[in-house]
Structures are given as C-alpha cells and as structure tokens.
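**Student:** Sequence and predicted structure below; questions after.
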Amino acid sequence: MVLFKKSCFIIAFLSFAVGSLHAAPASSEGRLLYDRHCSVCHSMAPPPKSAPPIIGISLHYREAFSDRGKGVKHMAEFMKKPDAKNSKLEAAATTRFGLMPAMSLSDKELAIVAGWVWDSHDPNFRLPGNCK
Ligand code: HEC
C-alpha cells in the first residue's frame with residue numbers, strides 16, 4: 001500500500017513536470033522574465049489581457065521570419081524601442097491594444113525573453129482572426 005501511494009505520488013509529480021515543461025519549452029529564465037516583466041499585459045494564450053497573447057505573437061514571428069536568430073533579434077530590438085512600422089503583428093493589433101512601451105531590460109535579458117517567446121510556439125494554435 002505504501003508502495004502504491006509512493007508510485008502515485010511519482011506519477012503525479014512527473015505529469016506536473018511534463019506539464020510545466022510544455023508551458024516553458026525553451027528556458028525557465030525566459031519564463032521568469034516573462035512572469036516578472038510581461039505577464040501583466042500579455043497572457044500566454046487567448047483571452048488577451050491588454051496586449052496580444054504570447055502564442056499569437058510567436059506564430060506571427062514565425063510567419064515573418066524563417067530564421068530563429070533573425071526573428072529573435074528583431075523582437076528584442078522592437079521591445080527596446082517599439083515602433084509601429086517595425087511591428088510584425090497585424091496593424092489591427094496596435095489599433096486595438098496601442099503600442100507596447102519600451103522595456104528597460106538589458107540586451108541579454110531581452111534576447112533571452114525574445115528567444116523564449118519564439119520557442120513558446122504551439123503548432124496547434126490558430127489565430128482567432130478577431131484582432132480588428
Ligand atoms: C504595459 C503592457 C506591456 C508590457 C509590460 C509588455 N508588452 Fe509586449 N506588447 C504590448 C502591446 C500593447 C503590444 C501590441 C502592440 C505592439 O506590437 O506594440 C505588444 C506587442 C509585443 C510584441 C510584438 C511586437 C511587434 O512586432 O509588434 C512582442 C514580441 C512583445 N510585445 C513582447 C513582450 C515581452 C517579451 C514583454 C516583457 C519583457 C512585453 N512584451 C511586455 C504591451 C506590453
């Protein structure tokens with residue numbers, strides 16, 4: 001019986017671990033930066049808070065850039081100095097949510113969190129198409 005309980009605990013723990021791996025696929029440092037600096041505006045998935053959800057942003061960046069390095073670089077530069085004409089989202093995103101404020105993170109932190117956004121892609125996610 002004790003043994004049974006123990007294995008139940010292990011299974012519960014393992015499924016929790018797999019679940020959190022899915023939520024933070026790339027780096028937990030990126031996830032921590034997101035929790036601290038981005039999650040107040042960006043939810044992970046719809047419904048949105050006051051900004052487009054992360055998995056939608058990730059999809060748009062993957063459509064705009066075939067290369068991870070270039071996509072992550074552009075994203076980090078955007079966060080440092082947001083400018084609507086450099087946006088890779090639909091123009092309606094800025095109209096609906098306004099422009100993102102500049103982030104005062106170091107270049108290294110911006111690169112880490114941008115890489116994490118890129119890696120947060122969910123292949124099953126479809127854009128809701130309601131960003132009007
Ligand atoms: C005060 C709210 C706010 C915070 C905090 C915030 N964002 Fe944003 N973000 C927005 C809004 C609004 C948009 C949509 C308009 C735009 O693209 O500027 C956006 C857009 C973006 C985009 C798309 C850029 C593009 O090409 O248009 C990325 C990438 C992004 N945010 C990443 C982040 C990350 C990563 C953080 C944390 C380090 C963060 N944001 C923090 C409000 C915020």
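**Tutor:** Here it is on my side, so go on. Numbering: from 1, shown residues only.

**Student:** Which positions in this protein make contact with the ligand?
**Tutor:** 33, 37-38, 40-42, 50-52, 57, 75, 78-79, 82, 87-89, 93-94, 97-101, 103, 113, 117 (C-beta under 6 Å from any ligand atom). Placement of C-beta: from N, CA and C, glycine included.

**Student:** Please narrow those residues to those residing in helices.
**Tutor:** 33, 37, 57, 75, 78-79, 93-94, 97, 113, 117 (DSSP state H).

**Student:** Looking at those, which is nearest residue 124?
**Tutor:** The closest of these to residue 124 turns out to be residue 57 (C-beta to C-beta; 16.2 Å).

**Student:** My read is that that closest one contacts residue 89, right?
**Tutor:** Yes. If you go by C-beta atoms under 8 Å, residue 57 and residue 89 touch, sitting 6.8 Å apart.

**Student:** For the ones in helices among the residues of the chain next to the ligand, pick the one with the most neighbours.
**Tutor:** Highest neighbour count within those: residue 113, with 27 neighbours (other C-beta atoms under 10 Å).

**Student:** how much space is there between that residue and residue 72?
**Tutor:** Distance of residue 113 to residue 72, computed by C-beta to C-beta, to the nearest Å: 10 Å.

**Student:** Low-confidence stretches in the chain?
**Tutor:** For the chain, applying pLDDT under 70 flags the ranges 1-27, 129-132.

**Student:** does residue 88 really touch residue 58, like I thought?
**Tutor:** No. Counting by C-beta under 8 Å, residue 88 stays clear of residue 58, with 10.7 Å between them.

**Student:** the more surrounded of those two?
**Tutor:** residue 58 (21 against 16).

**Student:** ok, that one to residue 49 distance?
**Tutor:** 16 Å.
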